[in-house]
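S.K.: Give me the fold of what follows.
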Amino acid sequence: MTHNWSTALDGHKFFRRDRKGRIGAGVALYIREALDAIGIETNDDGVECLWVRIKGKTSKADILLGVYHPPNQEEEVNNLLYRQLENVSGSSALALVGDFNLSDICWEFITAEKRQ
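M.R.: So this is what the prediction gives:
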């Protein structure tokens, strides 16, 4: 299933990062126009993510990260994402949203188990 990205939501800014070499894939975020938001470019093409900086009421900015984590993603790509997270971990606030395809998470006990 693909989405028609020309469909706009009134009162929202649209951010997107398409997957290279594939039609109908990528990450997208709609953010209210009332928020001062700008996209952040990254060089890690292996990670399907979209970084957006949202300026709050203070001088510090919040970071929003939209992620698509395919099932059975290679550990090398996971490590790229972890490095990106380390680089912004000093941010005042980080919201991590997306489709993580992590079927091994037990939400009742907040545990995870890696299956081979």
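
S.K.: so how many other residues sit close to T42?
M.R.: 14 (other CB atoms under 10 Å). (C-beta placed from N, C-alpha, C; glycine too.)

S.K.: Just give the closest residue to V97, not the sequence neighbours.
M.R.: Nearest non-adjacent residue to V97, counting by CB to CB, 6 or more residues apart in numbering: G66, 5.6 Å away.

S.K.: which ones are touching the one you found?
M.R.: By CB atoms under 8 Å, 6 or more residues apart in numbering, the residues touching G66 are F15, V27, A28, L29, C49, L50, V52, V97, G98.

S.K.: who does it bridge with?
M.R.: L50, V97 (DSSP bridges).

S.K.: Contacts for stretch 26-34 next, please.
M.R.: Outside stretch 26-34, the residues touching it (CB under 8 Å, 6+ apart) are 3, 5, 9, 11-19, 37, 48-50, 52, 54, 64, 66-68, 97-98.

S.K.: next one: stretch 100-116
M.R.: V67, H69, P70, P71, Q73.
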